[in-house]
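Student: need a 3D model of the sequence below.
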Amino acid sequence: MQKNKRGQIWVETVIYTLIAIVTITAVLAIAQPRIEEMQDKSLIEQSAAVLNKIDGILISLASEGIGNKRVLELGVKDGTFKIDGATNQIIFEMNSAYMYSEPGANILNGKLLVFTKKRGDEFFVNMTQIYSNYNITFDGKDELRIINKASTPYTLFISHHGKDASNKIVLDFKLE
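Tutor: Residues are numbered from 1 along each chain as shown. Reported below is the predicted structural model:
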């Protein structure tokens, strides 16, 4: 009789442990996508704030004289920032679990042009700031520079370089 009770206790312990493991696994399976969505939403909103901060710096520099310079710490935890001198745009792009805006439609969020595209289970988010009245350059060149994610923040220098031949203010970016 004593052996049966010991055996029964071990069987119950194993069953309760398995039930607990299955329950925890089910909760994590349900919660994990939601946690990723919330993290991506936060990251996209932070990146939009960075784009707006860059916009404020550019407006400030444009109103000041030649040679003025600003420094910005640019943390890229996910996605990419693009400084496109050829089209005078600053762009942030990332694949996300969060649907930031209506897929397939260009949405104007302040000065930011936001485009979201559905790709399988994820969304591709593109936020673009267009500067048609400035000449944006990177290291003095009208070319595309891609800034990828990194564990440490980048130091971004933005400086006022006067006006170009078309009378646009030249705002030059440099990474160090």
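Student: direction included, what does the strand or helix carrying residue 91 pair up with?
Tutor: Using DSSP states H and E, residue 91 maps to strand 89-96. Its sheet considered, strand 89-96 pairs with strand 80-84 (antiparallel), strand 122-130 (antiparallel) by DSSP bridges.
Student: JSON lines for those strands, including mean neighbour count and mean pLDDT?
Tutor: C-beta here means a position set from N, CA and C on the backbone, and glycine is covered the same way. JSON lines is the format used below for these (neighbours: other Cβ atoms under 10 Å; pLDDT from 0 to 100):
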{"stretch": "strand 80-84", "mean neighbour count": "19", "mean pLDDT": "95"}
{"stretch": "strand 122-130", "mean neighbour count": "20", "mean pLDDT": "95"}
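Student: which sections of the chain are below the confidence cut-off?
Tutor: Within the chain, the ranges that satisfy pLDDT under 70 run 1-6.
Student: what about the strands in it?
Tutor: Under the criterion DSSP state E, the chain contains strands at 69-74, 80-84, 89-96, 106-109, 112-119, 122-130, 134-138, 144-148, 154-163, 169-175.
Student: the longest one versus strand 134-138: what angle between them?
Tutor: In other words, strand 154-163. Per axes from the mean of the first three to the mean of the last three Cα atoms, to 10 degrees, the angle that strand 154-163 makes with strand 134-138 is 130 degrees.
Student: packing partners for strand 154-163?
Tutor: With contacts defined as 3 or more Cβ pairs under 8 Å, 6 or more residues apart in numbering; DSSP states H and E, the secondary structure elements packing on strand 154-163 are helix 2-63, strand 69-74, strand 169-175.
Student: can I get these in JSON lines including distance to residue 118 and mean neighbour count?
Tutor: What follows is those, written out as JSON lines (distance: least, Cβ to Cβ, whole Å; neighbours: other Cβ atoms under 10 Å):
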{"stretch": "helix 2-63", "distance to residue 118": "14", "mean neighbour count": "13"}
{"stretch": "strand 69-74", "distance to residue 118": "28", "mean neighbour count": "14"}
{"stretch": "strand 169-175", "distance to residue 118": "32", "mean neighbour count": "19"}
